[in-house]
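Q: Sequence and predicted structure, then a few things I'm wondering about:
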Amino acid sequence: MEAFKGSRKAPLRRVETASGGNGILKSSNKAEGSLFASMQTRIIKKWREFNSLENEWNGMLRSSQADSVFLTWEWLTAWIASAGKECEPFIVTVRDQAGRLVGAAPLYCSSSILGGCIHYRTLLPMADYATGFEYPDWIVTGADQAGVSQAIATALNQARADWDLLWMARLAGWSGALKRITSACESAGLLWRSREREFSLIDLPASMEAFERSLSSNRRQQLRRKRRRLQREKAVVTTRCQSHDELPEYLEALFALHHLRWAPLGDPGCFIRKPAEAAFYSQFLPMALDAGWLAMYALRHQGEIRAVQVGYNYGGMFHQMQEGFDPQFYPGIGNVLRAEVIQACIDEGISAYDFLGGHTEHKRRWNAHLRIGFDLLIGNANLKSRLLQTNQIWPTGRFLRLAGRDRRPGER
């Protein structure tokens, strides 16, 4: 059984809280060769304080290894508007000696319960639920990124009276996030435990012909046949959402067709089970369109949308988020639309099609390869957190449950 890990404590330093109270003054020791001691950390506990970071946020994110659409200002504020404003923020920020924003851990306060009786004050990544969120991280930039990470971990440790656990599910294993965060946690005296998670990605070649050659012969022939029949016999055309005027039609089709796709399996779909997710899409998609990230495609028959897929082009990669289709219209129409989206990505020079979490047989048939990420559970050194050392208990099972969650296995 894997226990929480942890190591030596970091030097104490100044931490300010933006919660209406006074800052907490701690002593400071400067580590040799590090800018750590000159950094100023702050824990933001009011949304209005977070709003003041708007002009700095995306610039900091773009210069970090954590850069992803899921940590952009647009993503986070869309979540606040749709669901997060009722939550209490717990956002750790770090500034260097010149006052530049060089680090942030965008978190909020929640709770979990062990065995129905032991409550844990649990920190979670902002916008992690009912959004499609993946790849949480601490955003760190500048010449001393290890020092920035250590500053975040030290601030968390010094505020340990306010939390018991920090749960970060589905970290990207290829960004260095796990090493950055856990090394800082060990330096600050925090406990941690990780486990592997599977993700899937298609590396896109220079042409659709090359992509089709990477598929099995049977798969290639099926796709070509179905695409030809839909285009020629049923006069189906592929369209892309290009304007705010078009967006409501695409969104309405996504919600309706997503339900049609899952209803035969006894599942109403995430947009009905979690109305907050529909609200988030309604908030974020217009922002993504303005930013040039939105990639929302449809198959139309006589003008009516019969299948729709939505994703985001960010950092040269397409992140596939949700889709829906009418299973009664034509068998395999969802696969045909995926092929159309892949061709559009190739034509635009997009380097990869990101299936995000899971590595199922369906994804492997599209020549997606396995990527390994991680779940990370961080605890402070109090007695309640140490209780979890004796067993591999995660906030996803029947023993330790996060409050207010209706999530199916593997669902974001």
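A: The structure has been received and is ready for your questions.
Q: so who does V308 touch?
A: Applying CB atoms under 8 Å, 6 or more residues apart in numbering, one finds that V308 lies in contact with Y250, A253, L254, L257, M296, Y297, A298, L299, E323, G324, F325, L337. (C-beta placed from N, C-alpha, C; glycine too.)
Q: now the strands for the stretch 201-350 of the chain?
A: With DSSP state E, counting those that start in this stretch applied, the stretch 201-350 of the chain shows strands at 237-240, 294-301, 304-314, 317-325, listed in chain order.
Q: how about those strands in CSV, adding distance to S82 and mean pLDDT?
A: Compiled in CSV, the strands of the stretch 201-350 of the chain are given as follows (distance: least, CB to CB, whole Å; pLDDT from 0 to 100):
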stretch, distance to S82, mean pLDDT
strand 237-240, 24, 97
strand 294-301, 17, 97
strand 304-314, 16, 98
strand 317-325, 15, 98
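Q: so which of those strands gets nearest R121?
A: Proximity to R121 (CB to CB) singles out strand 317-325 among the strands of the stretch 201-350 of the chain, at 30.7 Å.
Q: still on that earlier bit, figure out which of the strands of the stretch 201-350 of the chain is closest to E54.
A: By CB to CB (comparing all of these), the closest turns out to be strand 304-314, at 18.7 Å.
Q: Direction included, what does the closest one pair against?
A: Based on DSSP bridges, the pairing partners of strand 304-314 within the sheet are strand 294-301 (antiparallel), strand 317-325 (antiparallel).
Q: And the residue nearest the centre of the chain?
A: By CA atoms, centre = their mean, the chain has its centre lying nearest to E134, at 2.2 Å.
Q: now it: how far from V148?
A: With the distance defined as CB to CB, to the nearest Å, E134 ends up 23 Å from V148.
Q: got a list of what the residue nearest to E340 when sequence neighbours are not counted touches?
A: In space, not counting the residues next to it along the chain, E340 is nearest to T238; the distance is 4.6 Å by CB to CB, 6 or more residues apart in numbering. Going by CB under 8 Å, 6+ apart, T238 touches Y297, A298, L299, R300, L337, E340, A344.
Q: What about W293, how many residues nearby?
A: Here the neighbour count serves as a burial measure; for W293 (other CB atoms under 10 Å) it reads 21.
Q: Just grab the bridge partners of the closest residue to it other than its chain neighbours for me.
A: Residue nearest to W293 in three dimensions, not counting chain neighbours: Y312, with 4.5 Å by CB to CB, 6+ apart. On DSSP bridges, the residues paired with Y312 through beta bridges are L294, H319.
Q: For Y312, give me its contacts.
A: The neighbours of Y312, taking CB under 8 Å, 6+ apart as the test, are V69, A288, W293, L294, A295, F318, H319, M321.
Q: The residues you listed: which two are farthest apart?
A: In the contacts of Y312, two members sit farther apart than any others by CB to CB. They are A288 and F318, at 12.5 Å.
Q: As a check, name the ranges of all helices in the stretch 151-300 of the chain.
A: With DSSP state H, counting those that start in this stretch, the ranges of helices along the stretch 151-300 of the chain come out as 177-187, 208-214, 217-232, 247-262, 270-273, 275-291.
Q: So which elements touch the fourth one?
A: Under the contact criterion of 3 or more CB pairs under 8 Å, 6 or more residues apart in numbering; DSSP states H and E, the helices and strands touching helix 247-262 comprise helix 270-273, helix 275-291, strand 294-301, strand 304-314, strand 317-325.
Q: In the fourth one, which residues are buried?
A: If you call a residue buried by 16 or more other CB atoms under 10 Å, then strand 304-314 has these buried ones: I305, R306, A307, V308, Q309, V310, G311, Y312, N313, Y314.
Q: now the closest residue to the third one other than its chain neighbours: how far from W73?
A: Spatial nearest neighbour of A307, chain neighbours left out: F325 (3.7 Å); criterion: CB to CB, 6+ apart. If you measure F325 against W73 using CB to CB, the figure is 32 Å.
Q: what about stretch 155-169, average pLDDT?
A: With pLDDT averaged residue by residue, stretch 155-169 scores 97.
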